[in-house]
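Trainee: Sequence first, predicted coordinates after that:
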Amino acid sequence: MDVGCGLTANESIRTTPVGAIPNAYGIDPIFSHCWGNMRPGRTIEGYAEDMPFKDEIFSTTLSFKGVGWYADKYFDPYWSIKEMIRVTRSNGLVAISIGSGGLVHVEYNLKRVKEEIGRLKEEKDTKGRISEVLDFSDRKTPQINLKLK
């Protein structure tokens, strides 16, 4: 599952990042006009904070700069990360790549994502689901991975 999958365009095809992967899903609020669903992957119009999926159906849920991109003072990444955990199976992986959006820097977005993960480790609904936090924030593209129980 790719949260905030956006659009990818090249000379011959307009599709989504998950479009070429059979049985993959992507969710993004802008897909009402996208014909990416004609590809093997599936793109769905929707929001990261309220995904239209049952609990624990994906083995891997990732957000390549989507959730981490908007983790500034105007966007609370808590709800998106909580939903990513909810739709990810036991023994699955949640991967959040950090970017910078607007006038906010990567360091600030990374701090916000880490704070919300700390909150989620103690929340009633998600407590005990996070077995390990893998911090790759020292990389060129910072990333936080959550291994789930």
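Mentor: Looks like it came in fine.
Trainee: Now do the domain split for the chain, please.
Mentor: Each structural domain of the chain that the record assigns through automatic domain parsing is listed here as a residue range: 1-46, 49-149.
Trainee: ok, and for stretch 43-59, which residues are buried?
Mentor: Buried residues in stretch 43-59, counting neighbours by 16 or more other C-beta atoms under 10 Å, are found at 43-44, 46, 48-49, 51, 53, 58. Every C-beta, even on glycine, is put in place using the N, C-alpha and C of the backbone.
Trainee: brain fart, stretch 140-149
Mentor: Within stretch 140-149, the residues that qualify as buried are 142-146, 148, counting by 16+ other C-beta under 10 Å.
Trainee: what do you get for stretch 124-132?
Mentor: Within stretch 124-132, the residues that count as buried by 16+ other C-beta under 10 Å are 126, 129-130.
Trainee: Let's verify the closest residue to Ser59 other than its chain neighbours: helix, strand, or coil?
Mentor: With C-beta to C-beta, 6 or more residues apart in numbering as the measure, Gly92 is the residue that lies nearest to Ser59, at 4.9 Å, once sequence neighbours are left out. Classification of Gly92 into helix, strand or coil gives strand, according to DSSP: H, G, I helix; E, B strand; the rest coil.
Trainee: what residues are up against Gly92?
Mentor: 56, 58-61, 148 (C-beta atoms under 8 Å, 6 or more residues apart in numbering).
Trainee: Going by mean pLDDT, which of the domains of the chain comes out lowest?
Mentor: Ranked by mean pLDDT, those bottom out at domain 1-46, with a mean of 65.
Trainee: quick one: Ser63 from Glu45, how far?
Mentor: When distances are taken as C-beta to C-beta, to the nearest Å, Ser63 and Glu45 turn out to be 16 Å apart.
Trainee: do Asn23 as well
Mentor: Shown here: Asn23 relative to Glu45, a distance of 19 Å by C-beta to C-beta.
Trainee: what's the answer for Gly118, then?
Mentor: 31 Å.
Trainee: Any idea how far apart the tips of stretch 63-79 sit?
Mentor: Distances were taken as C-alpha to C-alpha, to the nearest Å; on that basis the terminal residues of stretch 63-79 are 13 Å apart.
Trainee: Nice, that's everything, thank you.
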